[in-house]
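Visitor: Sequence and predicted structure, then a few things I'm wondering about:
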Amino acid sequence: MPPSVSVVIPVYNDHDHLRQCLESLRASELQPTECIVVDDGSTDDSARIAARYGAIVLSTDGRFGPARARNLGAQSACGDVLLFLDADVCVHADTVSKVATEFLHDPKLDAVMGSYDRSPASRDYISQFRNLMHCFVHQNSNREATTFWAGCGAMRRQVFLDFGGFDEKYRTPSIEDIELGYRMAHAGRKLALNGDIQVKHLKRWIFRSMMKTDFFYRALPWSELSLRFGRLPNDLNLRISQRISVALVFLLIALGADLAIRWHALFLVPLFATLFLLLSDYWVEGSVNRSRPVIALMVINLSVIVGLSYWYHMYPVIPAVLVAWLGLFARHRYACSSKVWWKRTAILVGGYFVLATVFVWIYLPFHPREYLFVLLLVTLVALNKQFYMFLAAGRGKLFAVAAIPFHLLYFASSGLAFTVAVIRHGIGRLLGVPAEVPKVSG
């Protein structure tokens, strides 16, 4: 007999997404024993909507963060298994049943986490990139997990209570779930990742929120947590290939700064032109949706390319880039309505972009440093080719190419966060600040 499942959902001012989440739960093949929605000080009608869908509604009586909200819901739950969901996800019809099956077939299993699916709800580029990157990581990580994810993660209720739940010092959505997973793994408990347990993410990301979340709420506290536990598992975002990528990005930045100082426009013009060409799908998507930040960034990039090219007499670069720009919009305007013409023009546009990129790099001075820069960039792309192939298979080659600059920026942000964490950790040891001893209960 499958174990009873209690769903626990924290919510803060997210009534529309919560409604879709509860609607998807209502359509589940296996209905949970109960659905507990914990209102974390919302000022909208999230609590009223939860009650309308028959959920048990609890309140934290203020804004204390999802860690406390989930703990409150778990303490009130009566199911054998706690299924934690974010308010901005929709379960698949078989999500709950697959969770129950996992625990039924493996009595020793303590916790299991799922994955985002390959069809994020928001269609804008940043949301697609961010959510698909998360999906790729979970779909390609080890079955034997070393941490936990509460966006779609389940745990035996008694195990959760034995370990004291989530650490409530995290007052914002951060790594409270990862921290609990680290404690459990440190104690030798069995955690698993099942990529077939999936949810659809509804959140719409913007560039600023993505960077802020990745640095302050993920990479920095996760780095500090890893230093505190003294372990960097070869899994998820901490895989060896990811660490090598971070190191290569830092080398690229250092080498790029040296080349910019040494060769000025002879290096900067090819660099900005290549960046513009790589981001072509991002420019088109932002322009079609009339995104002012994207359009402004595109205009600034073009202005820098045209201005530097004109000032330093690199005139052929200007039409090479402008023709690519016009070609993209012409293709989107006239070929997107026909699959046949879309495929035919893909070869033409793609071929031109390759030629244009090669052409602008001809202006580079013949020097070993430039060759090393290109070699490092090619190595980075090759090291992460599986991710780019994953994006290309689902969203097309131009989408995958445009992901390269954002992916490199992600590595740079993660590396900077780890550096800050190491410095903080080192200063704390020099000052004799006692290291926080990980709680390993249960």
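Guide: Arrived safely. Every value quoted in this text rests on a predicted model; they were computed, and no experiment measured them. Numbering: from 1, shown residues only.
Visitor: give me the number of residues near W263?
Guide: Counted with other C-beta atoms under 10 Å, the neighbours of W263 add up to 18. Yep, even glycine has a C-beta here, placed from its N, CA and C like the rest.
Visitor: Could you measure from it over to G307?
Guide: 17 Å (C-beta to C-beta, to the nearest Å).
Visitor: Show me what counts as buried in stretch 403-421.
Guide: Neighbour-count burial for stretch 403-421, counted by 16 or more other C-beta atoms under 10 Å, picks out 403-404, 406-408, 410-418, 421.
Visitor: next one: stretch 215-232
Guide: Result for stretch 215-232 [16+ other C-beta under 10 Å]: buried residues 215, 218-229.
Visitor: what's the answer for stretch 73-91, then?
Guide: 73-74, 77, 79-91.
Visitor: for the stretch 51-200 of the chain, what spans make up the helices?
Guide: 66-76, 95-105, 125-139, 157-162, 176-186 (DSSP state H, counting those that start in this stretch).
Visitor: farthest-separated two in the buried residues of stretch 73-91?
Guide: D80 and D88 (26.2 Å; C-beta to C-beta).
Visitor: quick one: the helices in the stretch 251-400 of the chain?
Guide: 265-278, 280-288, 292-311, 317-334, 339-361, 368-383, 385-395, 397-430.
Visitor: export the ones you listed to JSON lines and tack on distance to T43 and mean pLDDT?
Guide: Formatted as JSON lines, these follow (distance: least, C-beta to C-beta, whole Å; pLDDT from 0 to 100):
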{"stretch": "helix 265-278", "distance to T43": "41", "mean pLDDT": "89"}
{"stretch": "helix 280-288", "distance to T43": "31", "mean pLDDT": "83"}
{"stretch": "helix 292-311", "distance to T43": "27", "mean pLDDT": "90"}
{"stretch": "helix 317-334", "distance to T43": "40", "mean pLDDT": "80"}
{"stretch": "helix 339-361", "distance to T43": "45", "mean pLDDT": "76"}
{"stretch": "helix 368-383", "distance to T43": "44", "mean pLDDT": "91"}
{"stretch": "helix 385-395", "distance to T43": "36", "mean pLDDT": "94"}
{"stretch": "helix 397-430", "distance to T43": "31", "mean pLDDT": "91"}
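Visitor: With distance to H17 as new columns, can these be given to me in JSON lines?
Guide: Converted to JSON lines, these look like this (distance: least, C-beta to C-beta, whole Å):
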{"stretch": "helix 265-278", "distance to H17": "32"}
{"stretch": "helix 280-288", "distance to H17": "22"}
{"stretch": "helix 292-311", "distance to H17": "23"}
{"stretch": "helix 317-334", "distance to H17": "30"}
{"stretch": "helix 339-361", "distance to H17": "32"}
{"stretch": "helix 368-383", "distance to H17": "35"}
{"stretch": "helix 385-395", "distance to H17": "23"}
{"stretch": "helix 397-430", "distance to H17": "24"}
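Visitor: Out of those helices, flag the one nearest P2.
Guide: helix 385-395 (32.5 Å).
Visitor: Return the distance of stretch 369-387 from the chain's centre.
Guide: 22 Å (C-alpha atoms, centre = their mean, to the nearest Å).
Visitor: export the helices of the stretch 51-200 of the chain to a markdown table and tack on distance to C21 and mean pLDDT?
Guide: Shown next, in a markdown table, are these (distance: least, C-beta to C-beta, whole Å; pLDDT from 0 to 100):
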| stretch | distance to C21 | mean pLDDT |
| --- | --- | --- |
| helix 66-76 | 14 | 97 |
| helix 95-105 | 11 | 97 |
| helix 125-139 | 15 | 94 |
| helix 157-162 | 21 | 97 |
| helix 176-186 | 17 | 94 |
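Visitor: Packing partners of the host helix or strand of L220?
Guide: Per DSSP states H and E: L220 is located in helix 220-229. Judged by 3 or more C-beta pairs under 8 Å, 6 or more residues apart in numbering; DSSP states H and E, the packing partners of helix 220-229 are helix 176-186, helix 397-430.
Visitor: I'd like to know which of these lies nearest to A50.
Guide: Counting by C-beta to C-beta, A50 lies closest to helix 176-186 out of the helices and strands packed on helix 220-229; the figure is 21.3 Å.
Visitor: Return the set of buried residues in that closest one.
Guide: So, applying 16+ other C-beta under 10 Å, buried residues of helix 176-186: 176-185.
Visitor: Could you do stretch 41-59 as well?
Guide: By neighbour count on 16+ other C-beta under 10 Å, the buried set for stretch 41-59 is 42, 46-47, 49-50, 53, 55-58.
Visitor: how far does it stretch from start to finish?
Guide: 7 Å (C-alpha to C-alpha, to the nearest Å).
Visitor: what sits up against that stretch?
Guide: Stretch 41-59 has contacts (C-beta atoms under 8 Å, 6 or more residues apart in numbering) with 9, 11-15, 18-19, 22-23, 25-26, 34-39, 60-64, 72-73, 76, 87.
Visitor: Would you reformat the buried residues of stretch 41-59 as JSON lines and include distance to V96?
Guide: Shown next, in JSON lines, are those (distance: C-beta to C-beta, whole Å):
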{"residue": "S42", "distance to V96": "25"}
{"residue": "S46", "distance to V96": "22"}
{"residue": "A47", "distance to V96": "23"}
{"residue": "I49", "distance to V96": "20"}
{"residue": "A50", "distance to V96": "17"}
{"residue": "Y53", "distance to V96": "15"}
{"residue": "A55", "distance to V96": "14"}
{"residue": "I56", "distance to V96": "16"}
{"residue": "V57", "distance to V96": "20"}
{"residue": "L58", "distance to V96": "20"}
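Visitor: ok, of those residues, which one's closest to D281?
Guide: S46 (35.3 Å).
Visitor: measure that closest one to A150 for me?
Guide: 18 Å.
Visitor: Domains in the protein, by residue range?
Guide: As given by automatic domain parsing, the domain ranges for the chain are 5-205, 240-422.
Visitor: is it possible to export those to JSON lines including distance to L431?
Guide: Output for these, formatted as JSON lines (distance: least, C-beta to C-beta, whole Å):
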{"stretch": "domain 5-205", "distance to L431": "21"}
{"stretch": "domain 240-422", "distance to L431": "15"}
